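In: here is my input; please provide its structure:
(one chain, ligands or ions: 1)
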Amino acid sequence: MELKLEQGQEPKVGAGAKPLHLTAQSPAGEQEDPMDRKETRLRVVVRVRPLTCPERRRGDQRVVHCLGDNAVYVNAAGQEAAFRLSAVFDAGTSQEGVFEGSGMKRLIELAANGFSCTAFAFGQTGSGKTYTLMGPLAQSEGQPATPCLGLGGLMQRAFVCLLEQTQCYRPGLVLSASYVEIHNEQVRDLLSPGPARPLPVRWSKTRGFYIENLLTVEFGSLEAIMALLQEGTRRRRSAAHALNGHSSRSHALLTIRIRRKAVSPEPSSCQQGALCFVDLAGSERVKDTGSAGERLVEATNINRSLLALGHCISLLVDPRRRRSHIPYRDSKLTRLLAESLGGSGITLMVACISPSSRCLTETLRTLRFAGRAKKVTTKPVAHRVSREKLLQSLEQEIQTLREENLSLRQQLRLPRILSEGTAPTQLPECQGESHAPGQRGAPRRAPSSARRSLYGLLQEFVLENEQLRREPIPLTSSRALAREGQRALAQELARHLESPPALSSWGQARRSPEAAPGSCSIQALPCPQPAPGAAQCGHVSLLFLSDLAPEALAPHVSCRPASQPMAVTPQGSRRPSLLKEVPPWEVLTAQSGSRFQGASQGSPWEDPAQPWPQQRPVAPWLLHGKRSLGRRKSSAGSCLLLRDTQQQGPEPPPGLEGQVVPSAPPLAGQPGSSTGRQAAGADPELRLEEVLDSLQEQFQYYSLRDARD
Ligand SMILES: Nc1ncnc2c1ncn2[C@@H]1O[C@H](COP(=O)(O)OP(=O)(O)OP(=O)(O)O)[C@@H](O)[C@H]1O
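Out: Below you'll find the predicted structure:
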């Protein structure tokens, strides 16, 4: 029998950690945490729950033993293994004991200092994850009991701790919360009033993966945050099965955002930390839980997303492979945890296990996962936002909400009071508490105090948004409306990506004589089929360059000197070559918002004597096929999509300066793309969202790389 004792370097977070020493000063005059930018391991602790009554009645053996010295020992059925983790809590440890010993307090402190912190519980179904995070649920309603801390979990204790900090020691802290669940691979807002609709998970260079249209609610008291927790948990999907009478059927993520204004009298920067609690749905063996029908679908989705999480962890642990592509896009869960696992966050994992002999296999699996996870490192970075950036992002947020509210008002046929050109600092037409949605369009001015701050203004728009959404009419977000125009195009693109057409000839391309004034008048190279989107949307043109390695195309798109010919490969050729038949052409530079420069001599695109009638900004999008970069370059196809940014459509990518180039993200719908594989047969709308998102990612990746090179 083999006795395996897992060893590992202890992370610096945790009980007994030295008090925070503030040594360095940031340019803004703020104190920096010594943890800032230091490689840090995930802290992984284990909690063993007591045997439950049914387990005792059945006479299950206790096979898990806590040895002291942070080691846990499993011995049964000829299997013996020991694991050493950051801390181990036996069945007798109280909720307070787990809070004190897990390092939760330090995590809260770090979140208040601007770090992104995550505490998540994982383990087999019925192993005590929800209990550890929220305490026992009120069985009748499936809600976290009361704010009373006796049996309260890590969440309630953290709320108390944070609120204490806010009220007593750091009056500058502003707290807000969001709460979502991932159920059957769909993200749902648990706080938003009205019917739960799936929210898209998007990616941006500045924010990483994020949930669009997520409601965030400010709170200032324990009662308020407990009400949010209870309301959200009531809405979360749960069901009974053989191993747990109240089993969570979704992963839940409750995020507390902590905004701290700078301490200096003339604040030049602010800190924005986050504390996220993740209650994972438990892994389950269907033959043990007896899941069938809907429960079986849920179980399959739960297990699949946990598998994706395990896969990411395995790659992150391997020092060679963690530099390559980590497939966070394989599930919504891994996308949302990407920052906590491999980015700049700080993470505490609580592995929950049952002591019962019947759960032996799953217990060992959980402990092995824990052992791997503790080797994962992140490089925590405190988020300090410069005052200018903060103001900018606030204004942008206000502007987005203003547009969203106007769009909702239009759908509700309410009078539109703001004029088109209203500056973001002007007030919305509908304010705060006293406006009832029934009083359609009664314009009100906010109290003058609210005008003083952008935060106040933002709050008003949020309130208005909430009120409008409460109307019992199905509403569509403004972004979704804007996307409708892109849907046909995306569908076409998806088809092309799946089976790129063979080009019969490259022919001559000219500026379209029918191009509407003001539209982007570049014409696609002729394809056997009309260029996708060109027919439907006058402002979109697409080049489909079959069998062209992306590496050959990207430099030409980003910064091709006008004198060089475009490298394309005609049909039938396996390898890209400089295609002499296509004369030099000057397309555009890769910077978003760049303009057509006009055509160079001999370009087939343009009559050089005639300048472009409209020098309009365009956003280029690159679609690549297979990213095989071996000696035999074989790309399924590459597309260059030119979009007129003055028309409606997806946002052009922001500036590219100073960015670290990540590994190339996979492209939805492509061979080798997990999202494409997963999406097959899934909701076509979600599938299209994926395609549009990955367009942006792809473009950013290649543009950033070119900018760096
Ligand atoms: N440390 C503990 N002390 C006492 N009871 C516990 C403890 N941990 C869990 N329990 C009880 O065990 C049962 C299952 O716990 P819980 O619902 O938290 O499991 P879970 O891991 O969240 O399950 P699932 O993944 O199915 O949602 C509950 O009745 C809970 O009250």
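
In: give me the number of residues near the residue of the stretch 201-350 of the chain found nearest the ligand?
Out: As assessed by CB to the nearest ligand atom, the ligand sits closest to Gly282 within the stretch 201-350 of the chain, at 2.6 Å. Any C-beta I mention is one placed from the backbone N, CA and C, and that applies to glycine too. Per other CB atoms under 10 Å, the neighbour tally for Gly282 reads 29.

In: next one: Leu151
Out: Counted with other CB under 10 Å, Leu151 comes out at 16.

In: do you know how far the closest residue to it other than its chain neighbours is from Pro415?
Out: In space, and not counting its chain neighbours, Leu151 is closest to Gly135: 4.4 Å by CB to CB, 6 or more residues apart in numbering. Distance, Gly135 to Pro415, by CB to CB, to the nearest Å: 48 Å.

In: neighbour-wise, which of these two wins?
Out: Taking neighbours as other CB under 10 Å, Gly135 and Pro415 compare with Gly135 leading, 22 against 11.

In: quick one, domains of this structure?
Out: 40-137+151-382, 386-413 (the TED database).

In: of those, which is nearest Glu464?
Out: domain 386-413 (5.3 Å; CB to CB).

In: tell me the most buried of the domains of the chain?
Out: domain 40-137+151-382 (a mean of 20; mean count of other CB atoms under 10 Å).

In: now the end-to-end length of that one.
Out: Domain 40-137+151-382 has an end-to-end distance of 13 Å (criterion: CA to CA, to the nearest Å).

In: quick check: mean pLDDT across that domain?
Out: Averaged across domain 40-137+151-382, pLDDT comes to 86.

In: go ahead and confirm Glu101 touches Ser86.
Out: If you look again at residue 101, you'll see it is Gly, not Glu. No. Counting by CB atoms under 8 Å, Gly101 does not reach Ser86; the two are 9.4 Å apart.

In: give me the common contacts of those two.
Out: Taking CB atoms under 8 Å, 6 or more residues apart in numbering as the criterion, Gly101 and Ser86 both touch Val45.

In: which stretches of the stretch 51-200 of the chain form strands?
Out: Under the criterion DSSP state E, counting those that start in this stretch, the stretch 51-200 of the chain contains strands at 64-68, 71-76, 79-84, 87-89, 116-123, 137-138, 143-144, 173-183, 186-189, 198-199.

In: picking that back up, over to the residue nearest to Leu151: give its phi and psi.
Out: Gly135 adopts backbone torsions of phi 80, psi -180, taken as degrees, to the nearest 10.

In: looking at it, it is touching Leu154, isn't it?
Out: No. Counting by CB under 8 Å, Gly135 stays clear of Leu154, with 9.1 Å between them.

In: who are the contact partners of Tyr73?
Out: Val64, His65, Cys66, Leu67, Glu80, Ala81, Ala82.

In: surely Leu110 is in contact with His383?
Out: No. In this structure, Leu110 is not within contact of His383 by CB under 8 Å, at 11.3 Å.

In: shared neighbours of those two, anything?
Out: Residues touching both Leu110 and His383 by CB under 8 Å, 6+ apart: Gly273.

In: give me every residue in the stretch 251-400 of the chain lying close to the ligand.
Out: Ala281, Gly282, Cys352 (CB under 6 Å from any ligand atom).

In: try the stretch 51-200 of the chain
Out: Within the stretch 51-200 of the chain, the positions lying close to the ligand (CB under 6 Å from any ligand atom) are Thr52, Gly123, Thr125, Gly126, Ser127, Gly128, Lys129, Thr130, Tyr131, Pro136.

In: residue contacts, Gly153?
Out: Gln95, Thr130, Tyr131, Thr132, Leu133, Met134, Gly135, Pro144.

In: closest residue of the stretch 301-450 of the chain to the ligand?
Out: Across the stretch 301-450 of the chain, no residue is closer to the ligand than Cys352, which sits at 5.6 Å (CB to the nearest ligand atom).

In: mind listing the residues bridging to that residue?
Out: For Cys352, the beta-bridge partners are Arg47, Gly123 (DSSP bridges).

In: which residues sit in contact with the residue of the stretch 51-200 of the chain at minimum distance from the ligand?
Out: When distances are taken as CB to the nearest ligand atom, the stretch 51-200 of the chain reaches nearest to the ligand at Gly128, 2.8 Å away. Counting by CB under 8 Å, 6+ apart, Gly128 makes contact with Arg47, Arg49, Cys352, Ser354.

In: mind redoing it with 10 Å?
Out: By CB atoms under 10 Å, 6 or more residues apart in numbering, Gly128 lies in contact with 47-50, 52, 91, 121, 153, 244, 282, 350, 352-354.

In: now render the residues you listed as JSON lines, adding distance to Glu231.
Out: What follows is those, written out as JSON lines (distance: CB to CB, whole Å):
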{"residue": "Arg47", "distance to Glu231": "27"}
{"residue": "Val48", "distance to Glu231": "31"}
{"residue": "Arg49", "distance to Glu231": "27"}
{"residue": "Pro50", "distance to Glu231": "30"}
{"residue": "Thr52", "distance to Glu231": "28"}
{"residue": "Ala91", "distance to Glu231": "32"}
{"residue": "Ala121", "distance to Glu231": "21"}
{"residue": "Gly153", "distance to Glu231": "17"}
{"residue": "Asn244", "distance to Glu231": "22"}
{"residue": "Gly282", "distance to Glu231": "23"}
{"residue": "Val350", "distance to Glu231": "24"}
{"residue": "Cys352", "distance to Glu231": "25"}
{"residue": "Ile353", "distance to Glu231": "30"}
{"residue": "Ser354", "distance to Glu231": "30"}
